[in-house]
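Colleague: no sequence on this one, just coordinates:
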């Protein structure tokens, strides 16, 4: 079946540090891949997405590349800010299906 | 900006009370979902709906029930709340690929 595995947190970084949150997946077919972000006290919101192999999703300085050969969709940001402190979820969805498969979430703390 | 709304945002009630968590969306999406989020952050799908008059149980067994009488409205009901129901409940809807989430309802049962 489909599954998503992402690195455990919490991840603690200093402001302006480089961020990587690893995400790998197992899926049948050709799923779309997503990163959602959840800020404290809020629901999830889409951060970025990629719908096919080698696509790069990007938003707010974050980016992730859909790597079919390594079944990965790692999230990166060159310089994090305190305001990036949140929980990040990697997810996959098969078009025409019904359920989104989420990873367990990675909590990021950024210190000033 | 997502147009999906949940009320109440926070609710503290006693054991045995009946509660309804409201979820409404103005995007005309057919597919809607309820997730339970535990303190460890993981999301568990508890209910979903393909459209009006369609409701299905999710991956995590839940004592709650849902209804879908109108496209825009997907309320969740607990007939008799217990402390084990204390959690964050997130409602979502989908157009094609992306999920749109409400801000959540945090329920505490004493």
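Modeller: Here it is on my side, so go on. For clarity, every value in this text was computed on a predicted model and none was experimentally measured.

Colleague: pLDDT score assigned to the closest residue to residue A:60 other than its chain neighbours?
Modeller: Nearest non-adjacent residue to residue A:60, counting by C-beta to C-beta, 6 or more residues apart in numbering or on different chains: residue A:47, 7.2 Å away. Heads up, the C-betas are built off the backbone N, CA and C, glycines and all. For residue A:47, the pLDDT comes out at 98.

Colleague: where's residue A:47, which helix or strand?
Modeller: Per DSSP states H and E, residue A:47 falls inside strand A:44-50.

Colleague: hmm, who's touching that strand?
Modeller: Contacts of strand A:44-50 with the rest of the structure, by C-beta atoms under 8 Å, 6 or more residues apart in numbering or on different chains, involve A:32-38, A:56-60, A:62-66, A:73, A:75, A:88-89, B:2, B:90, B:92, B:97-101.

Colleague: one more pass at 6 Å, please.
Modeller: Contact partners of strand A:44-50, identified using C-beta atoms under 6 Å, 6 or more residues apart in numbering or on different chains, comprise A:33-38, A:57-59, A:62, A:66, B:98, B:101.

Colleague: how about the residues of chain A by chain B?
Modeller: Residues of chain A lying close to chain B (C-beta under 6 Å from any C-beta of the partner chain) are A:32, A:42, A:43, A:44, A:46, A:87, A:93, A:100, A:102, A:104, A:105.

Colleague: what mean pLDDT does the very next helix or strand once past the strand holding residue A:47 have?
Modeller: Next in sequence after strand A:44-50, counting helices and strands by DSSP H and E, comes strand A:56-59. The average pLDDT within strand A:56-59 is 97.

Colleague: can you pull the pLDDT of residue 96?
Modeller: Using chain A here. 77.

Colleague: think we crossed wires, I meant chain B
Modeller: pLDDT, residue B:96: 82.

Colleague: so what's it closest to, chain neighbours aside?
Modeller: Per C-beta to C-beta, 6+ apart, closest to residue B:96 is residue A:95, 7.4 Å.

Colleague: using the three-state scheme, assign that neighbour.
Modeller: coil (DSSP: H, G, I helix; E, B strand; the rest coil).

Colleague: between its first and last residues, how far does stretch A:16-35 reach?
Modeller: Length of stretch A:16-35, first residue to last, C-alpha to C-alpha, to the nearest Å: 21 Å.

Colleague: again with stretch B:36-51
Modeller: 20 Å.

Colleague: buried set for that stretch?
Modeller: B:36, B:37, B:41, B:43, B:44, B:45, B:46, B:47, B:48, B:49 (16 or more other C-beta atoms under 10 Å in any protein chain shown).

Colleague: how about stretch A:73-82?
Modeller: The neighbour-count check on stretch A:73-82 (16+ other C-beta under 10 Å) flags A:73, A:74, A:75, A:77, A:80 as buried.

Colleague: all the strands of chain A, in order from the start?
Modeller: Remark: strands assigned in chain A by DSSP state E are A:3-6, A:11-14, A:19-21, A:23-26, A:32-38, A:44-50, A:56-59, A:62-65, A:75-77, A:86-93, A:100-102, A:106-111.

Colleague: now those as a markdown table including distance to residue B:57?
Modeller: A markdown table is the format used below for the strands of chain A (distance: least, C-beta to C-beta, whole Å):
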| stretch | distance to residue B:57 |
| --- | --- |
| strand A:3-6 | 20 |
| strand A:11-14 | 34 |
| strand A:19-21 | 31 |
| strand A:23-26 | 24 |
| strand A:32-38 | 23 |
| strand A:44-50 | 22 |
| strand A:56-59 | 32 |
| strand A:62-65 | 32 |
| strand A:75-77 | 32 |
| strand A:86-93 | 20 |
| strand A:100-102 | 16 |
| strand A:106-111 | 28 |
